[in-house]
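# My questions concern the predicted model and sequence given below.
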Amino acid sequence: GENVEQHPSTLSVQEGDSAVIKCTYSDSASNYFPWYKQELGKRPQLIIDIRSNVGEKKDQRIAVTLNKTAKHFSLHITETQPEDSAVYFCAASTNTGNQFYFGTGTSLTVIP
Amino acid sequence: DSGVTQTPKHLITATGQRVTLRCSPRSGDLSVYWYQQSLDQGLQFLIQYYNGEERAKGNILERFSAQQFPDLHSELNLSSLELGDSALYFCASSLRAFWGDTQYFGPGTRLTVL
């Protein structure tokens, strides 16, 4: 099955700096890559996703890039704010795999 | 608020017992997914139902079972509970059975097995 690895496990940045979280996947058939943000004690919330026919997608301060050849995708957060502090999970799925495979999560702390 | 509801919020029970967790999907969504989140295992997919039928199975133990009813709400039954079953259980819903559809998560049920 699919194996999704996520790095780093923890990340601290100064407010206003950028944060980058990277995930790699193993199954070349994976074609959908969502990112979820989970605040302490709360539900995971989808923040952005990308499909395999697109290389980059942006939504205000967040962006996701996908490199299908290298089988990795990254979340970029610019101009970080304290409310960006949370755990971020990447995931990968295929239409045939019928599963979401989640990364192990990155705990992001934005220092005011 | 995602529109997905889960009850109860918290559940404390003893080893060997059986519990039922309930999930109501967003209005119009036909797919329901169940996930387990524990400190050592992270987020793990358990099972998916689509319009009343089991659609996909993940790392669900034989002691666990689920079903989706005609009104599309779903229940996750956990039996012969062990200490290691203590976790947050989330359900999520999406419009179709297609795994590329956005999944909206409920607030979760925190299960503590003593």
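Received the coordinates, thanks.
# what's around the residue nearest to residue B:45 when sequence neighbours are not counted, how many residues?
Closest residue in space to residue B:45, ignoring its immediate chain neighbours: residue B:58 at 3.6 Å, by Cβ to Cβ, 6 or more residues apart in numbering or on different chains. C-beta: built from backbone N, CA, C; applies to glycine. Residue B:58 has 18 neighbouring residues, counting by other Cβ atoms under 10 Å in any protein chain shown.
# close enough to count as contact, residue B:58 and residue A:99?
Yes. In this structure, residue B:58 is within contact of residue A:99 by Cβ atoms under 8 Å, at 5.5 Å.
# Mutual contacts of those two, please.
Common neighbours of residue B:58 and residue A:99 (criterion: Cβ atoms under 8 Å, 6 or more residues apart in numbering or on different chains): residue B:45.
# Near chain A, which residues of chain B are found?
B:2, B:33, B:42-45, B:48, B:55-56, B:58, B:90, B:98-100, B:102-108 (Cβ under 8 Å from any Cβ of the partner chain).
# what are the bridge partners for residue B:48, then?
On the basis of DSSP bridges, residue B:48 is bridged to residue B:33, residue B:56.
# Let me see the contact set for it.
With contact taken as Cβ under 8 Å, 6+ apart, residue B:48 is in contact with A:98, B:31-34, B:54-58, B:97.
# how about those residues in JSON lines, adding pLDDT and distance to residue B:10?
Shown next, in JSON lines, are these (pLDDT from 0 to 100; distance: Cβ to Cβ, whole Å):
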{"residue": "A:98", "pLDDT": "67", "distance to residue B:10": "31"}
{"residue": "B:31", "pLDDT": "94", "distance to residue B:10": "26"}
{"residue": "B:32", "pLDDT": "96", "distance to residue B:10": "21"}
{"residue": "B:33", "pLDDT": "95", "distance to residue B:10": "21"}
{"residue": "B:34", "pLDDT": "96", "distance to residue B:10": "17"}
{"residue": "B:54", "pLDDT": "94", "distance to residue B:10": "27"}
{"residue": "B:55", "pLDDT": "91", "distance to residue B:10": "29"}
{"residue": "B:56", "pLDDT": "89", "distance to residue B:10": "28"}
{"residue": "B:57", "pLDDT": "89", "distance to residue B:10": "27"}
{"residue": "B:58", "pLDDT": "87", "distance to residue B:10": "24"}
{"residue": "B:97", "pLDDT": "80", "distance to residue B:10": "31"}
